[in-house]
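Trainee: Pasting the sequence and the predicted coordinates here, then a few questions.
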Amino acid sequence: MKKILIYLLMLIVILSLFKSETIVIPKNSIRFRVIANSNKEKDQYIKKQVVKKLQPEISTINFTPKNIELTRASIKDKIPLISDNVKRTLKELNQKETFKINYGMNYFPEKIYKGVKYEEGEYESLVIELGDGLGDNFWCVLFPPLCLLEGEEQQNTDIEYTSFIKEIINKYF
């Protein structure tokens, strides 16, 4: 009986190690997303270049932590500059593909990123869709300002997360 109880406890620990946690982004947040035309290498490269070239405009948005209305107004003011920047970037890359910019309520699918589950739903956001918008996307949170380049959907093998309990279980089982 004691052995069964130990195995049951170990099973619970193992299952809890693999369970995704849910992090809630504040309700009054504003997201940012750049969706690639497709998952072809060329389209993903174009998306990355667009994100890279947009960083100066994004960094000049007036992020007022206590006043989301000022941040919204600043984002709306920057849309023409953002549009010009996307056009210029596509031209520099000799791309004739179209793009759409939408600031408002946009659908975000459920996402699990680095073991964290982000709920699907309609969120206030600035979305740039390149071409057909069927590829992986860059995403981050503009307000509160949490935009990091890590928002890129990719596998990063440089970092390995380990758990002491998991290592012990793997060693003996």
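Mentor: Good, I have the coordinates.

Trainee: didn't residue 64 look like it was pressed against residue 75?
Mentor: No - the pair formed by residue 64 and residue 75 falls short of the contact definition of Cβ atoms under 8 Å, at 11.5 Å. To be clear about C-beta, it is placed using only N, CA and C from the backbone, and glycine gets the same treatment.

Trainee: Between these two, which is the more surrounded one?
Mentor: Comparing residue 64 with residue 75 by other Cβ atoms under 10 Å, the one with more neighbours is residue 75, at 23 against 14.

Trainee: That one and residue 102, how far apart?
Mentor: From residue 75 over to residue 102 the distance is 12 Å, taken as Cβ to Cβ, to the nearest Å.

Trainee: residues contacting the closest residue to residue 133 other than its chain neighbours?
Mentor: Once flanking residues are discounted, residue 133 sits nearest to residue 35: 4.3 Å by Cβ to Cβ, 6 or more residues apart in numbering. Shown in contact with residue 35 (Cβ atoms under 8 Å, 6 or more residues apart in numbering): 47, 127-130, 133-135, 137.

Trainee: Nearest to residue 98 among these?
Mentor: Nearest to residue 98, judged by Cβ to Cβ, of the contacts of residue 35 is residue 130 at 8.0 Å.

Trainee: is it true that that closest one touches residue 48?
Mentor: No - under the criterion of Cβ under 8 Å, residue 130 makes no contact with residue 48, lying 10.9 Å away.

Trainee: Give me the more crowded residue out of these two.
Mentor: Between residue 130 and residue 48, counted using other Cβ under 10 Å, residue 130 has the larger neighbour count: 25 against 16.

Trainee: Now the more buried one: phi and psi?
Mentor: In terms of degrees, to the nearest 10, the main-chain angles of residue 130 are phi -90, psi 130.

Trainee: bridging residues for it?
Mentor: Beta-bridge partners of residue 130, counted by DSSP bridges, are residue 99.

Trainee: Go ahead and list the helix or strand containing residue 62.
Mentor: Using DSSP states H and E, residue 62 sits within no helix or strand.

Trainee: how close does the closest residue to residue 109 other than its chain neighbours sit to residue 111?
Mentor: When the adjacent residues along the chain are set aside, residue 109 lies closest to residue 120, with 5.1 Å between them (Cβ to Cβ, 6+ apart). Relative to residue 111, residue 120 is positioned 8 Å away (Cβ to Cβ).

Trainee: all strands for the chain, in order.
Mentor: For the chain, strands defined by DSSP state E occupy the ranges 21-22, 30-35, 99-108, 111-113, 116-118, 121-130, 137-143.
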